[in-house]
Structure formats: C-alpha cells, structure tokens
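Novice: got a sequence here, can you build the structure:
(2 chains)
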Number of protein chains: 2
Amino acid sequence: MAKNLTPRGEDYSRWYNDLVLQSQLADYAPVKGCMVIRPWGYAIWEKMQQGLDGMFKATGHVNAYFPLFIPESFMKKEAQHVEGFAPECAVVTHGGGKELEEPLYIRPTSETIIYFMFAKWIQSWRDLPLLMNQWCNVVRWEMRTRLFLRTTEFLWQEGHTAHATEAEAQVETLKMLGVYHRFATEWMAIDPVRGLKTDAEKFAGAVRTYCIEAMMQDGKALQAGTSHMLGQNFARAFDVKFQAQDGGMQHVWNTSWGLSTRMIGALVMAHSDDDGLVLPPRLAPIQVGAVPIWRKDEEKAGVLAAMERVEAALQGKVALSVDRREELSPGWKFNEMELKGIPLRLELGPRDVAAGQVMSVTRLGRKKEAIPIDRLGERVPEILDAIQAELLERNRTLHRERTFSIDDYAEFKERIEGGGFFSAGWCGKPECEAKVKEETKATIRCIPLDAVEEAGSCLRCDGASTRRVLFARAY
Amino acid sequence: MAKNLTPRGEDYSRWYNDLVLQSQLADYAPVKGCMVIRPWGYAIWEKMQQGLDGMFKATGHVNAYFPLFIPESFMKKEAQHVEGFAPECAVVTHGGGKELEEPLYIRPTSETIIYFMFAKWIQSWRDLPLLMNQWCNVVRWEMRTRLFLRTTEFLWQEGHTAHATEAEAQVETLKMLGVYHRFATEWMAIDPVRGLKTDAEKFAGAVRTYCIEAMMQDGKALQAGTSHMLGQNFARAFDVKFQAQDGGMQHVWNTSWGLSTRMIGALVMAHSDDDGLVLPPRLAPIQVGAVPIWRKDEEKAGVLAAMERVEAALQGKVALSVDRREELSPGWKFNEMELKGIPLRLELGPRDVAAGQVMSVTRLGRKKEAIPIDRLGERVPEILDAIQAELLERNRTLHRERTFSIDDYAEFKERIEGGGFFSAGWCGKPECEAKVKEETKATIRCIPLDAVEEAGSCLRCDGASTRRVLFARAY
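Specialist: Reported below is the predicted structural model:
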C-alpha cells in the first residue's frame, strides 16, 4: 500500500483529513455535514464504548433509551437551554405524509425529554438517586464541520442523574468528570486538564460545567468530555419533584455528562504521525498484525505452520490478525498496518522459522525485537503495555512542555500562534474573555481544578485576578 | 410488590400492555407512537445485541455507522422502495433555523444511503464480498402503535452486503436467515418457522424476502426477522459496479437483513404468564435473584454471612443479584422477581444457614430444590440450562399443537378465531391472498422452506396449488 499523507509539518489540518480518510476511519456522507463511520473507526468506537460502559456500570448507572424526537414545546421549557440549542436543531415538520401539528426537534441532547420521564418515575426519596445513561445519535446543525471533530450527526453517550440534595449532585458531577479523566488516561493514553468552564462556555441550562481539556500535537486544545451540574433548572422546568424523608415535596438536583465520537478525532490528533495512525493498544481493534513471509514455494509450508504456533501462543491474550493474502507483498502489508495504527507487527520468514522466533516491530518508534515463539504469550502483552504507557507519558510530556505561565498580553498574542496552553490571570469579566477570543482566537479552556489562590492581574485588562485560568486555541 | 396484571385469559392484549409497563420494560413517551425503553428492557436488548453481534462477527461481518438522514432524491431512486417507504417517513424540512433546499428523510431503513457509499468503495472483485452491519435507530410513521411491537422509532440492526454473483448473494441471504433462526432458538428459546414471503408481503425493493415466523401463546404469528435477496435492484439504482475477474464491469448483488427491538415484545408474548415476565436465562439481565430472610435481629449476621458464601459460590458463573433491602418484605421481593422474570430465586433463611443450603425456586413452574451452598456453582448453571431448554421445548410443543393442516375455507374461517398456524394450499394469486386477508384478517405468513411439492387446491378459490403455505393472524 502506497501512502499519500500530507506531512503534519506542512499542513496539520490536511494531514488530519488525509489520515482519517486514508486509514478508512470515516468517509464523507452525501448529506451536508454528516459522515460515515467506517468499520475501522467504528471498531475503535466499540472499544471506547466497552471501556466507558464498564465504568458507568461499575459506578451504579444503568442504560436506557429515550426518543429521538423532542416536541418543540419541551425545548422551550428551560430558557437558557432553548436559547443555546434551538438555533442548531434539525426539525421534522412532516410525518406519514402529513404536516405535524407540533414540529419535532431531533435531539441535540436529551435533558428535556429525559427529565419529563423522570417526573413520571420519581415519587419519593426512595427513588433517588436515579442514575441513567443512554448511547445514541444526536444532531446539531453545524455550519463548519470536520470529520469526527464537528459533524451534524454524531454518536455519544449522555448520562442523566437525579439526586435528593445539591451536595450529592455535585459529588456525582465531579465523580463522572473523574470517570472521563480515568478513561482518557487509562484507555486513550491522553492526560487532559480537569477544570471548570467559564459562564460563557458552559452548557446551556447548567449551573456549572466541568470539562477535560486535552492537548493535541499542535498544541491546540480539544474538549474531551463535559460533566454538568444542572442544579434544579430542569427539575423546575419539568416539575421533577420527590417526597423528602421529612415529608415535604422538593425538586430534584440533576447532572448530565457526555462524551462523543469526537474522541476518535482526539485520538488521531493526539498520537498519530506522518506514517499513519498510532493507536493506543487498549483501543486498537487489532493489537498485533502478523505477516508470513516467503520467497520460494518450498518455504511456504514451514512459514505457515510456524504462524499457526504464533496464533496458538497469542490466542486469547491479544487481538491478533494474520495477513495471509498472497497477492500482496510484505512491504505493502507493513505500510497498511502502519497506516491503520496497529501497535505491533510480527514478521515471520524462513530464517525466523529456523530460529524458532518472530521479529516484532512496534508502530511507535519502530523498535525491533526478536521474540522466541515460546515466549510470545508473555512478551507481547508486555510490549503492548509498554506502548500504552509510553504514549501516555508522551502526552504528559507534551502538556508539560507546552503549558506556559504568561502575564504579558503582547507576548501572549505572539506566542499563541505557536500553540500551547497559557496559564494567565483573569479578572472574571466576560468582556475580557470575549475580547481575548476576538483578538487572538484563544478561549478560556477552563479554570483548572488544581488552580491555587494567587493574587495577580488579568491578562488583558490588568484588573485583579485571584487565580490563573488556561487560555488556548481549540478544536 | 403487589401485582396488578390483567390475566391472559381475560384480555391477552391488555395483559401484554400491563406487563410491559409494570415490569418496567418500557413506558410511553410524550411523542406520538414513541416509547422509552427502560433499563430492564434495555438490558435485555443489550443481551440480544451481544448474542447477535457475536454471530455476525463470527460470519465475517463488520459494524459501521451511516447517517440518520437520507436525501429525498435517494429515496426516489429505487421505484418499489420509494413506493413502500416514502409514505411512512418522517421528514426534516428545517435545519439551523433555515428551510432546507432538499428535504431529508429520517431513515426507515438504510439501503439507499448505504449502497450509495458502497458505490464509492467498491471497485473490483477484490473488494467483494463486502459484509457490513449497523446498529441504529430507524423511524417509520405508524398509525397504530404498540409498545415494542410497532413503534414510530425503534432500534434494530440492519446488515447490508454486496457480492460478485447471484449465487453468493442467495447463499448469504439464507445464511443470515439461519443466523436469526439460531439466535431465536438458542437465545430466545423460540423456534420459529423459516420461510419465503409472498410478493405481497416482501420488502419494498427486494427480489425475495425470507423470514422467521414465531408463534405467540395466543396462536398468533410474529415476524421475528427478515432476510432479503435484493438482486441488482439497488446496485442498478445507485450504480454499484465492480470490475470482474475477467475484466468486464458488472453490477453487484445485494442482501439486507434486519432484526429489531420488536423481539423484546416477542419474548414477552412467547413465554410470560399471569405472574409476570418469564425470561430465558440466556437473555435475563439478572439470572438469579437471592433473598436473605430473617425475623430476629440475632439471625441477621448469620444469614448475611451465609449469603456471602452464596455470592462467592456463584461469582463469575451466573448473573446474580442479592436483594438486601431491609425496608421490603421477602414476599414483596419474590413478587417483584416474578414480575421481572428472573429465572431462579434463591431463598436463604436461618434454617437454611443451619443446614448449609439455600432453597431455590424456578420462575417457570415454581420448582423447589434445596441446594447445598457448596454445590451451588455446579447446580445453578444446570438448572438455568434446564429452564432454557424447557422454554424452547414448550414453544416447540405450542407450534406442534397449534399448527393445523386445513383444506376447507369455511372451517378455516371458524377456526382462525382460535389462533394457530394453518397449513393450506394456495393458487399463487395475489387476489386470493388479499381476499383471505380481507375476510379473515389472516395473511400468508410464509411459504415454509421445508414445504414439499404437493398437488392440492387453493384454500379460497380451489385453483391448483403445488405446495402448502402458512396462514395466520399476526402481530
């Protein structure tokens, strides 16, 4: 397979598009702003679902499924919510050949319809907490779209919970932010910053929005999951009440949190290179790709027999795929495996057969190692673990090397061009935040959870600042 | 928990609705014809997905995801298809606050958009067969809806394949019908009839539609999965061509096949009773429900300690849930477990502790058996297997006892009222088929695959018939 990727250094944005298309993660759909998630991309999404779903269930959440359609009147019940979402909705006006009496919005997110149902199901404090999640598609009418990062339709999970007290809801909001952070580090090999969104950037209808912000290789930020403390905003709008232990009727406290197929884009941008995808082993649909190699016909039987021993040695231990196609050369197969980001390649030729070994080559760093077939079952999982750890460490190093403390606005304006996260003072005024965005295209990604009290001055207006926030350009 | 189900004998249809709502499989949504799949129903769907997805992957299929939206012009490309589906579509006319230039149909099924993409991806015979599946939601604007059985939006999987030859496509069509049949028997404990649909009942756009038809407890039929041989109909409409090995350009041959959340309704109707759901162990989210029982405070510690031994004994072997809630009585818990269809209940009281045993009670038939705690790990899986087998056998018996060979139309008209499948001659004319439907509400469910050549006469017109077909009323 001949690769034809624009190098990152030449045009990062074109490199990304080339790579997503050529590695067959996704393709453009014949519908404006929509994409097709191809099998290789979807298999990664299945792995992500597996990882997250396990964590959701381990923390007591159950899955359910709510309707795609949201009556217009529902959208309008929570004032901030309708203002934020209605303008970007797709609207069904006809069904079964007739015009509908009330237009139906395709869900852009499901707070409204879910909390309507919660009101039916919740009567007393015994019904709380109610901890639900759904895996589904949502639609947001985006003007400028990009494969995975911003598409009109996307797949995601949205968690929705109801609690008896504000404190419990706050604990849940942070717990799920923690789950996202753990998923990012342990599965995606990305260590994002945890923080609080400013009011300008929070979810429409939330009291507070927490996020994880990951750094891509070009130093730009990518919001990789959000967890919202909704307070009683939706509970009031949909009259979700419960009888408290002391007998009185109270509104519940809600949280919601979501993570989407956008993460596949984050995975690509965080780890991949000019040769193709680099996938962390825990999310790679195929972890090990093996290629049998022979020149002469008489070598074939021996090589294929040894390959069966390789398969037996790795059976049930790693996701192995043996590429036995005879019409393609080994070099073509190596290229394809690199493009697809398969973490480890095993080459097995006649000389390896004679030595009872295979030659392993890592996708990351092309590290070679001869491994005795007898030791594969032990050694290959070790190598995969090491790759997973190395990727995470590399992302941490990137964060460390490209996060800067800055106090001078002129200097900031210059350096933001080169990417990176900039830790700076902020007076707390939305006007300063908006001006910085207008003048530099950088936004406040978050107020990091670990930000300390620190007297300083606002990056833009020199007004008093009590803690540093993170500015960056973002996807 | 007090149950309040209408008995089957009194009103089968009300019993079904009561049961779906009270067992919390689903609830009505505030959108016409839509439902909410509640956690207990969704957990069953997850089990079904697991079972089917494993079979799809084992037969070489890969998952992908295609857009929810289908441009109107796509729908119109295959003449029969648009005629069959367009009248029942939901249509998006506005997006992002503006009227769209071309209306978008919400997918009622995805042949059109998928084969458009296949045309992009398929160049040569080397790209074939292309074997794909997607799990998604679809929308069909139904006039009369019923929880699970017929809802405006439902979840399903749709397989779509492309082949180089007609013969290969035909093999695939039957292979996937076989997968559905195996899933029905091995997982759902239902043994449906395999057969071919008549032209009047086939999929809009197919050359041939195969189906599995299951018998419900009231003797009515429920179509439980369909597999379509699409011929080159869509390949011609979307110009899906490949370079054949001999160099010429040819249209591919397509198949599609689907199975939906309707199957949860089938599961309920096939097995459940006046006390609640009866779930086959392989699809039960909780297979074993255990209840610790004590009267006196001093008994509590001993019972709970023994329950921990029960948990340890069953760990990793079955899906066990221990109901330790102290505010609810054992009787209430038994009722709830029966309503939810948990296949096996384990009761553990002070006397059981003394005897080192638990009392097991099957949901099906309420068979009791004292099992030593030490033997639980062995015995419980055996009991679950026996229940699974017994349910399947019961469904087979139902099919056997309520499938009748019939030749006289007057007699048929009378007996169809009592339910059942009626094997009868048919002349092959759509008019006779339509008249029978009009006069008796029974349709030809299928021409069974195992129907033998047999000279006879048409049930309605006495014209010549060459093989018997199956008539029944259906859900």
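Novice: pull the number of nearby residues for the closest residue to A:Glu439 other than its chain neighbours.
Specialist: Nearest residue to A:Glu439, sequence neighbours excluded (C-beta to C-beta, 6 or more residues apart in numbering or on different chains): A:Lys413, at 6.9 Å. Heads up, the C-betas are built off the backbone N, CA and C, glycines and all. Neighbour count for A:Lys413, taken as other C-beta atoms under 10 Å in any protein chain shown: 14.
Novice: what backbone torsions are found at A:Lys413?
Specialist: Phi and psi for A:Lys413, reported as degrees, to the nearest 10, are phi -60, psi -30.
Novice: and it, how far from A:Asp374?
Specialist: Taking C-beta to C-beta, to the nearest Å as the measure, A:Lys413 falls 60 Å from A:Asp374.
Novice: for stretch A:267-274, what is the average pLDDT?
Specialist: For stretch A:267-274, the mean pLDDT works out to 97.
Novice: kindly report the same for stretch A:148-161.
Specialist: Rounded mean pLDDT across stretch A:148-161 is 98.
Novice: quick one: check it for contact with chain B.
Specialist: Yes - applying C-beta under 8 Å from any C-beta of the partner chain, one finds stretch A:148-161 in contact with chain B at A:152-153, A:155.
Novice: which of those ranks first by neighbour count?
Specialist: Tallying neighbours with other C-beta under 10 Å puts A:Thr152 at the head of the residues of stretch A:148-161 next to chain B, with 25 neighbours.
Novice: what's the closest non-adjacent residue to that residue?
Specialist: Distance criterion C-beta to C-beta, 6+ apart; nearest residue to A:Thr152, sequence neighbours excluded, is A:Gly33 at 3.4 Å.
Novice: ok, the one you found touching A:Leu147?
Specialist: No - using C-beta atoms under 8 Å, A:Gly33 is not in contact with A:Leu147; the gap is 10.5 Å.
Novice: next up, the contacts around the residue nearest to A:Tyr180 when sequence neighbours are not counted.
Specialist: Nearest non-adjacent residue to A:Tyr180, counting by C-beta to C-beta, 6+ apart: A:Gly225, 3.7 Å away. Counting by C-beta atoms under 8 Å, 6 or more residues apart in numbering or on different chains, A:Gly225 touches A:177, A:180, A:183-184, A:211-212, A:257-259, A:263.
Novice: how about a cut-off of 10 Å?
Specialist: A:52, A:156-157, A:176-177, A:179-181, A:183-184, A:192, A:194, A:210-214, A:257-260, A:262-263, A:266 (C-beta atoms under 10 Å, 6 or more residues apart in numbering or on different chains).
Novice: hey, what's the residue of the stretch 151-300 of chain A found nearest chain B bridged with?
Specialist: Nearest residue of the stretch 151-300 of chain A to chain B, counting by C-beta to the nearest C-beta: A:Glu153, 5.4 Å away. Beta-bridge partners for A:Glu153, by DSSP bridges, are A:Val139.
Novice: and the residue nearest to A:Thr152, how far from B:Pro67?
Specialist: With C-beta to C-beta as the criterion, A:Gly33 and B:Pro67 are 9 Å apart.
Novice: now A:Lys197
Specialist: 30 Å.
Novice: ok so, going back, I'd assumed A:Glu142 was in contact with the residue nearest to A:Thr152.
Specialist: Yes - counting by C-beta atoms under 10 Å, A:Glu142 is a contact partner of A:Gly33 at 5.6 Å.
Novice: the stretch 201-350 of chain A: helices as residue ranges?
Specialist: Using DSSP state H, counting those that start in this stretch, the helices assigned to the stretch 201-350 of chain A run over residues A:233-237, A:262-271, A:297-314, A:330-340, A:350-355.
Novice: and of those helices, who's closest to A:Ala206?
Specialist: Taking C-beta to C-beta, helix A:233-237 is the member of the helices of the stretch 201-350 of chain A nearest to A:Ala206, at 7.5 Å.
Novice: buried ones in stretch A:322-338?
Specialist: A:322-323, A:333-338 (16 or more other C-beta atoms under 10 Å in any protein chain shown).
Novice: out of these, which comes closest to B:Phe421?
Specialist: Using C-beta to C-beta, the buried residues of stretch A:322-338 come closest to B:Phe421 at A:Val322, 47.6 Å.
Novice: quick one: which helix or strand includes A:Cys446?
Specialist: Here A:Cys446, judged by DSSP states H and E, is contained in strand A:443-448.
Novice: what separates the residue nearest to A:Tyr180 from B:Val318, distance-wise?
Specialist: The gap separating A:Gly225 from B:Val318 is 34 Å, by C-beta to C-beta.
Novice: list the contacts of A:Ala29.
Specialist: A:35-37, A:151-153, B:66-69, B:71, B:113, B:116-117.
Novice: switch the cut-off to 8 Å
Specialist: Here A:Ala29 is in contact with A:35-36, B:66-67, B:113, B:117 (C-beta under 8 Å, 6+ apart).
Novice: same question for A:Met263.
Specialist: If you count contacts by C-beta under 8 Å, 6+ apart, then A:Met263 has A:48, A:188, A:224-225 around it.
Novice: now A:Trp257
Specialist: Contacts of A:Trp257 by C-beta under 8 Å, 6+ apart are A:158-159, A:173, A:176-177, A:180, A:225-228.
Novice: one more pass at 6 Å, please.
Specialist: A:159, A:176, A:227 (C-beta atoms under 6 Å, 6 or more residues apart in numbering or on different chains).
Novice: now A:Asp191
Specialist: A:Asp191 neighbours (C-beta under 6 Å, 6+ apart): A:185, A:395-396.
Novice: and it, which of the three is it?
Specialist: At A:Asp191 the chain is in coil, as set by DSSP: H, G, I helix; E, B strand; the rest coil.
Novice: repeat that for A:Tyr115.
Specialist: helix.
Novice: how far away is A:Gly456 from A:Gly463?
Specialist: A:Gly456 sits at a distance of 10 Å from A:Gly463 (criterion: C-beta to C-beta).
Novice: ok, now A:Met55?
Specialist: Distance from A:Met55 to A:Gly463, by C-beta to C-beta: 41 Å.
Novice: go on, A:Val303?
Specialist: Following C-beta to C-beta, the distance that separates A:Val303 from A:Gly463 is 72 Å.
Novice: hang on, A:Val469 is in a strand, isn't it?
Specialist: Yes - assigned with three-state DSSP, A:Val469 falls within a strand.
Novice: so what's it bridging to?
Specialist: Residues in beta-bridge contact with A:Val469 (DSSP bridges): A:Ala424.
Novice: I figured it hits A:Cys446, correct?
Specialist: No - contact criterion C-beta atoms under 6 Å: A:Val469 and A:Cys446 do not qualify, at 7.1 Å.
Novice: more neighbours: which of these two?
Specialist: More crowded of A:Val469 and A:Cys446, by other C-beta under 10 Å: A:Cys446, with 27 against 23.
Novice: so what's the more buried one up against?
Specialist: A:195-197, A:211, A:213, A:470.
Novice: so which residue is smack in the middle of chain A?
Specialist: Nearest to the geometric centre of chain A sits A:Met263, at 2.3 Å (C-alpha atoms, centre = their mean).
Novice: just the contacts of A:Asp191: which are in helices?
Specialist: Taking DSSP state H as the definition of helices, those contribute A:185, A:395-396.
Novice: ok, the closest residue to A:Leu130 other than its chain neighbours to B:Leu21 distance?
Specialist: Nearest residue to A:Leu130 in three dimensions, chain neighbours excluded: A:Ala162, at 4.5 Å (C-beta to C-beta, 6+ apart). Distance of A:Ala162 to B:Leu21, computed by C-beta to C-beta: 21 Å.
Novice: neighbour-wise, which of those two wins?
Specialist: Set side by side, A:Ala162 and B:Leu21 show more neighbours around A:Ala162, with 29 against 15, by other C-beta under 10 Å.
Novice: alpha carbons of the host helix or strand of the more buried one, as PDB, please.
Specialist: Using DSSP H and E, A:Ala162 sits within strand A:153-163. The C-alpha trace of strand A:153-163 is given here as PDB (Å, rounded to 0.1, in the frame of the first residue of the first chain):
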ATOM      1  CA  GLU A 153     -24.900  14.000  13.400                       C
ATOM      2  CA  PHE A 154     -22.700  12.300  15.900                       C
ATOM      3  CA  LEU A 155     -22.800   9.300  18.300                       C
ATOM      4  CA  TRP A 156     -22.300   9.800  22.000                       C
ATOM      5  CA  GLN A 157     -23.400   8.700  25.500                       C
ATOM      6  CA  GLU A 158     -25.300  11.100  27.700                       C
ATOM      7  CA  GLY A 159     -25.600  10.400  31.400                       C
ATOM      8  CA  HIS A 160     -28.500  11.900  33.300                       C
ATOM      9  CA  THR A 161     -29.000  11.600  37.100                       C
ATOM     10  CA  ALA A 162     -31.300  12.900  39.700                       C
ATOM     11  CA  HIS A 163     -30.400  13.400  43.400                       C
END
